[in-house]
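> Pasted the sequence and its predicted model underneath.
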Amino acid sequence: MRVIIVDDERLALRQFEMETEDMPGVEVAGAFTNPVDALAYVQEHPVEAAFLDIAMPGMNGLALAEKLREIRPDLVVIFLTGYEQYTLDALKVKADYYLTKPYNKQDITEALERARLLAARQKKRVYARTFGRFDVFIDGEAVYFPNAKAKELLALCVDHRGGAVTIEEAVDKLWENRAYDDRVKNLYRKAVMQIRQVLAEHGAEALFSGSRGACQIDVRQMDCDYYEFLQGNRDALRAWQISGSYLEEYSWAEETGARLENFAEEMQG
C-alpha cells in the first residue's frame with residue numbers, strides 16, 4: 001500500500017517513517033511539510049492512503065483532505081492530531097480514521113489495516129478501457145462478448161456515462177443502414193439480453209439495466225479510463241497520449257474523441 005504523510009513538524013514525519021519502515025506491504029511514497037507539495041505529488045502519482053495532520057499553517061488538514069479527494073475520490077484519509085476537539089470536523093469531511101498524538105506503532109498498524117480494508121472495498125470489480133479499442137475487464141480478466149453488437153451497445157452506454165441510451169439512438173448508431181422496423185428493434189433487444197447474460201455470468205449484472213425503450217450503466221459499479229481522464233487524472237492523460245484514440249473501432253465515438261483531444265490540450269497547457 002502506497003501512503004503519504006503530511007505534517008508541518010519534521011520530527012513527526014521522521015517518527016512516522018521510522019514506525020513504518022519495516023511494515024510489510026507499506027510504502028511511504030512521500031512525506032511532506034507543505035500541503036501544496038502533497039497535492040502536486042498525488043496529482044501525478046498513485047496513492048492509496050494519506051495521513052494528515054489537522055493543525056497546519058496555511059492549508060490545514062481538513063482543507064487538504066477535501067482537495068485530495070477531488071483528485072482521488074477513493075483515497076483513504078487518516079487524520080493525525082494532538083487536539084481531540086477536531087474530531088467532529090474530521091467526521092464532516094468523511095475521515096476514514098482518526099489518530100490522536102502521541103501515537104505508536106500499534107496505532108499506525110491498526111490504521112493501515114483499516115485503510116487496506118477500505119481500499120479493497122472501494123476498488124471496483126469492473127474496468128472499462130476506452131482509449132484505443134474497447135474492452136471490459138472483470139476482476140482483471142478480459143470479458144468476451146460473443147455478439148459484437150452487444151459489446152458495441154455496452155460501449156455506447158459507457159460513452160453516455162450513466163445517461164440513458166434510447167433504442168432510437170442505439171439503432172441510429174449501431175445499425176445505421178437498417179430501417180427502423182421490428183426486425184432491427186429485435187436486434188437491439190437481443191443485444192440488451194446478451195449484455196445481461198454475459199455480465200450475469202461474471203456476477204456483475206448490477207452494472208447494466210435495460211428495457212425495451214432504453215438502457216444504461218450504473219457508473220458507480222465500474223472504473224473507466226475515460227471517466228478518470230475527465231476528472232483530471234494524470235495517469236489517464238498519459239494513457240490517452242499513448243493510445244491517441246477513443247473507442248477507435250466505432251465511428252460514432254469520433255465526436256467524443258475530438259472533445260477529449262481538446263481537453264488533453266487544456267490539461268497540458
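Looks like it arrived, so ask away.

> So residue 31 sits against residue 4, correct?
Yes - using CB atoms under 8 Å, residue 31 is in contact with residue 4, at 7.1 Å. All C-beta spots, glycine's among them, are computed from the backbone N, C-alpha and C.

> Neighbours of residue 134, how many?
22 (other CB atoms under 10 Å).

> quick one, what contacts it?
128, 151, 152, 155, 158, 247, 249, 250 (CB atoms under 8 Å, 6 or more residues apart in numbering).

> how close does it sit to residue 118?
30 Å (CB to CB, to the nearest Å).

> quick one: which of residue 31 and residue 4 has more around it?
residue 4 (23 against 19).

> The more buried one should be in a strand, yeah?
Yes - counting by DSSP: H, G, I helix; E, B strand; the rest coil, residue 4 is part of a strand.

> Now residue 222. Its backbone dihedrals?
Main-chain dihedrals, residue 222, degrees, to the nearest 10: phi -150, psi 160.

> That one touches residue 124, doesn't it?
Yes - with contacts counted by CB under 8 Å, residue 222 reaches residue 124, the gap being 5.5 Å.

> the more surrounded of those two?
More crowded of residue 222 and residue 124, by other CB under 10 Å: residue 222, with 21 against 16.

> which one is the more buried one nearest to, not counting chain neighbours?
Distances taken as CB to CB, 6 or more residues apart in numbering put residue 126 closest to residue 222, at 3.9 Å, once the chain neighbours are dropped.

> Check residue 207 too.
Spatial nearest neighbour of residue 207, chain neighbours left out: residue 221 (4.4 Å); criterion: CB to CB, 6+ apart.

> and residue 233, what does it touch?
Residue 233 touches residue 71, counting by CB under 8 Å, 6+ apart.

> Please tell me how far it sits from residue 251.
On the measure of CB to CB, residue 233 and residue 251 end up 27 Å apart.

> for residue 189, same thing?
23 Å.

> which helix in the protein runs the most residues?
Identified as the longest helix of the chain according to DSSP state H is helix 182-201.

> how far does the helix or strand following that one sit from the chain's center?
Per DSSP states H and E, the first helix or strand lying C-terminal to helix 182-201 is strand 208-210. How far strand 208-210 lies from its chain's middle: 21 Å, per CA atoms, centre = their mean, to the nearest Å.

> ok, and what's touching strand 208-210?
154, 157, 192, 195, 196, 199, 215, 216, 217, 218.

> just the residues you listed now: which is nearest residue 103?
For those, the residue nearest residue 103 by CB to CB is residue 218; the value is 39.0 Å.

> now the closest one, nearest residue through space, not along the chain?
residue 207 (5.9 Å).

> Please enumerate the helices of this protein.
10-20, 35-44, 61-71, 87-92, 105-122, 148-159, 167-174, 182-201, 225-230, 234-243, 254-268.

> Counting by contacts, list what the fifth one packs against.
To tie it back to what came earlier, the one meant is helix 105-122. helix 10-20, strand 49-53, strand 76-81, strand 97-100 (3 or more CB pairs under 8 Å, 6 or more residues apart in numbering; DSSP states H and E).

> Distance from the chain centre to that helix, please.
On CA atoms, centre = their mean, the centre of helix 105-122 falls 19 Å from the chain's centre.
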